[in-house]
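>>> sequence first, then the predicted structure:
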2 protein chains.
Amino acid sequence: MSEYDVLCIGNAIVDIIARCDEAFVVDNGIIKGAMNLIDAERATFLYERMGPAVETSGGSAGNTAAGLAGLGGRAAYFGKVAKDQLGEVYRHDIRAQGVAFDTAPLGDFPPTARSMIFVTPDGERSMNTYLGASTELGPEDVEEDKAKAAKVTYFEGYLWDPPRAKEAIRRCAAMAHEGGREVSMTLSDPFCVDRFRDEFLDLMRSGTVDIVFANEHEVKSLYQTTSLDAALDAFRNDCKLGIVTRGGDGSVVVQSSATVDVEPVKVREVVDTTGAGDLYAAGFLYGYTRGLDLGHCGKLGSLAASLVIQQVGPRLQVSLKEAAAEAGLI
Amino acid sequence: MSEYDVLCIGNAIVDIIARCDEAFVVDNGIIKGAMNLIDAERATFLYERMGPAVETSGGSAGNTAAGLAGLGGRAAYFGKVAKDQLGEVYRHDIRAQGVAFDTAPLGDFPPTARSMIFVTPDGERSMNTYLGASTELGPEDVEEDKAKAAKVTYFEGYLWDPPRAKEAIRRCAAMAHEGGREVSMTLSDPFCVDRFRDEFLDLMRSGTVDIVFANEHEVKSLYQTTSLDAALDAFRNDCKLGIVTRGGDGSVVVQSSATVDVEPVKVREVVDTTGAGDLYAAGFLYGYTRGLDLGHCGKLGSLAASLVIQQVGPRLQVSLKEAAAEAGLI
């Protein structure tokens, strides 16, 4: 038996979240709904203009690890923080959720990564990420015992932004496949896909990655098409298992010869979409690593996503395990 | 015309908030519903046991300043943070709310104060506060231009815990009264009242403080009685204006010859009571500094408190100004 259900690898980021109006996003040149990479100077500029905020641990794959552990799954995490207060917050939160996290922290410079997230009245989040210490994640941070002990190794496409994380990923993927285990990734963001389209397609077509999560915008960006059907047809041939989330329209799971449509879970009010895709992946992978059928996995994903968009921030403040039990899904 | 409606003075604290069950509070020797003062060692002990948390600026008088500014009032704040990441968060949040905040930060040790707040399923908060840098607030931090320019100077009883803040308060109070302005305080916490009962009574009876905010538990603690009526009778004689909040039972404003009962504002669900008293004071003082009648001031206080207990954390994530306008109160 594997010691972990999922090993998650990603940029370890503390989220700084505030509401703003639509004009703020436009006036400050922020691409709405996207992850905007920023440098230290831009971070200072935006923080001075940002309203009062709340802080919470974040990071895409970190959110997935936390969600998986919140369901009762066994999760591990690789990600790099600095030896500073935000790094301490990050380490605390993910460990307190029950995730195994032992990546050695960097010194005190650059500081722990932070993302200034502006949430507009429609609930959409626009992220502005200063990668800081997280850029230093490299192959030396691969803990072999964990990399060899996870049923699924899951990483974020965002890891192609820092210089050496991809080396860590290739090493983990090789170890996973040597042990007969699977590798999964999320395409992360349509602009991230745009930056690394050829590399992501190569990861899929070479079999380095088996299971790919994307939202509608990302999969369309991957195949440079406006047609979801065209994108899905290409997607099902490029990966063993593809999962596309479609916001309020549910999600669809595709394989070469099968398609499973998953209904969305109705929500009262979309408060903040931060973490929706991350929590979907958490729910799906919890089911997947327990051998549940794909529709059941999708329902777990939809439930987790529906809960996280009804609160501020990407780490669930309610019990996902209780909610899944109430919904009869676990 | 005064430049500021209210100058607020308090311990500048970042809140670290997590949910817990009732057993956690008992098992860890936390006095429920109270502000428990802790040292660095106890802080480490509790943080290791705390679940995943969210961070937000807090501090009683800081919350009042932020609430007042959120209503459109002109607020200033004195409070001491360190030159560290949490101090930067604190300074950002209060300034971003429009509060004038210029207290010189301490160096990098001791660090910025933090309070680990455990919220039980009933919505009650139990605070565990490590005062850190905030203990260094002293009379040298009194900015005369601000102290002389506020209609009301408001401070927290909690300031009697650190060694020299009381000197700053006495200096501000003297300046306020020399200019014919008023001084207000909150009794803060029943155990804080217990620690400083004689000094608080002296502040009131000597006329150092004109307007006193308390909740039911605090005013009973002040007069060491279980009878609210007995406490109110003593209270009305000891201060020019006394305001007692009673949770779901509303509030009562007392003067030597008058009593005004204020209805509570109904809430859907009590999520987290952190900041309830602070926001009540914000609403009340906003009305008071505009010369509104006491009942109207109380209604503004009740509205502000009702909003903050329906969210996590003491800094409002919704617009208090819009809510007050909708309620026809401004």
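Thanks, I have the structure now.

>>> contacts, neighbours, all on C-alpha from now
OK.

>>> and the closest residue to A:Val54 other than its chain neighbours, helix, strand or coil?
Spatial nearest neighbour of A:Val54, chain neighbours left out: B:Thr56 (4.9 Å); criterion: CA to CA, 6 or more residues apart in numbering or on different chains. Judged by DSSP: H, G, I helix; E, B strand; the rest coil, the three-state class of B:Thr56 is strand.

>>> and the strands in chain A, which stretches?
Along chain A, counting by DSSP state E, strands occupy A:4-9, A:13-19, A:35-37, A:54-57, A:75-78, A:100-101, A:113-119, A:125-130, A:150-156, A:182-186, A:211-215, A:241-245, A:251-255, A:258-262.

>>> dump those into TSV; add mean neighbour count and mean pLDDT as well.
Conversion of the strands of chain A to TSV gives the following (neighbours: other CA atoms under 10 Å in any protein chain shown; pLDDT from 0 to 100):
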stretch	mean neighbour count	mean pLDDT
strand A:4-9	28	98
strand A:13-19	25	98
strand A:35-37	19	98
strand A:54-57	25	98
strand A:75-78	29	98
strand A:100-101	20	98
strand A:113-119	27	98
strand A:125-130	24	98
strand A:150-156	28	98
strand A:182-186	25	98
strand A:211-215	24	98
strand A:241-245	26	98
strand A:251-255	21	98
strand A:258-262	16	97
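
>>> picking up where we left off before, could you measure from the residue nearest to A:Val54 over to B:Val6?
Using CA to CA, to the nearest Å, B:Thr56 is found at 22 Å from B:Val6.

>>> give me the neighbour count for the closest residue to chain B within the stretch 101-250 of chain A.
Here the stretch 101-250 of chain A gets closest to chain B at one residue, A:Pro111, 9.5 Å apart by CA to the nearest CA. By the measure other CA atoms under 10 Å in any protein chain shown, the count of residues near A:Pro111 is 21.

>>> contacting residues for the residue nearest to A:Ile17 when sequence neighbours are not counted?
In space, and not counting its chain neighbours, A:Ile17 is closest to A:Ile117: 4.7 Å by CA to CA, 6+ apart. By CA atoms under 8 Å, 6 or more residues apart in numbering or on different chains, the residues touching A:Ile117 are A:15-18, A:125-128.

>>> swap in A:Thr103?
A:77-80, A:141.

>>> then A:Val244?
Per CA under 8 Å, 6+ apart, neighbours of A:Val244: A:213-216, A:219, A:251-253.

>>> repeat that for A:Gly275.
Per CA under 8 Å, 6+ apart, neighbours of A:Gly275: A:60, A:63, A:305, A:308-309, A:313-315.

>>> as JSON lines, those with pLDDT, neighbour count and distance to chain B would be great.
Shown next, in JSON lines, are the contacts of A:Gly275 (pLDDT from 0 to 100; neighbours: other CA atoms under 10 Å in any protein chain shown; distance: CA to the nearest CA, whole Å):
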{"residue": "A:Ser60", "pLDDT": "98", "neighbour count": "27", "distance to chain B": "16"}
{"residue": "A:Asn63", "pLDDT": "98", "neighbour count": "29", "distance to chain B": "12"}
{"residue": "A:Ala305", "pLDDT": "98", "neighbour count": "30", "distance to chain B": "18"}
{"residue": "A:Val308", "pLDDT": "98", "neighbour count": "28", "distance to chain B": "14"}
{"residue": "A:Ile309", "pLDDT": "98", "neighbour count": "25", "distance to chain B": "15"}
{"residue": "A:Gly313", "pLDDT": "97", "neighbour count": "29", "distance to chain B": "9"}
{"residue": "A:Pro314", "pLDDT": "98", "neighbour count": "29", "distance to chain B": "11"}
{"residue": "A:Arg315", "pLDDT": "98", "neighbour count": "29", "distance to chain B": "8"}
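
>>> in helices, which of the residues you listed appear?
A:60, A:63, A:305, A:308 (DSSP state H).

>>> and the contacts of stretch A:45-56?
A:14-20, A:28, A:116, A:313-315, B:53-57, B:92-94, B:96-97.

>>> and it, how far apart are its ends?
Start-to-end, stretch A:45-56 (CA to CA) is 21 Å.

>>> list the buried residues of it.
For stretch A:45-56, burial by neighbour count (16 or more other CA atoms under 10 Å in any protein chain shown) applies to A:46-47, A:50-56.

>>> ok, the most centrally placed residue in chain A - contacts?
In chain A, the centroid-proximal residue (CA atoms, centre = their mean) is A:Ser60; its distance is 3.0 Å. A:Ser60 sits next to A:10-11, A:156, A:188, A:275, A:278 when contact means CA under 8 Å, 6+ apart.

>>> keep only those of the residues you listed that are in helices.
Short answer: the contacts of A:Ser60 in helices (DSSP H) are A:Asp278.

>>> of the contacts of A:Ser60, closest to B:Ala325?
A:Gly275 (33.3 Å; CA to CA).

>>> tell me the pLDDT at that closest one?
A:Gly275 is assigned 98 on the pLDDT scale.

>>> how much space between it and chain B?
15 Å (CA to the nearest CA, to the nearest Å).

>>> alright, calling it a day.
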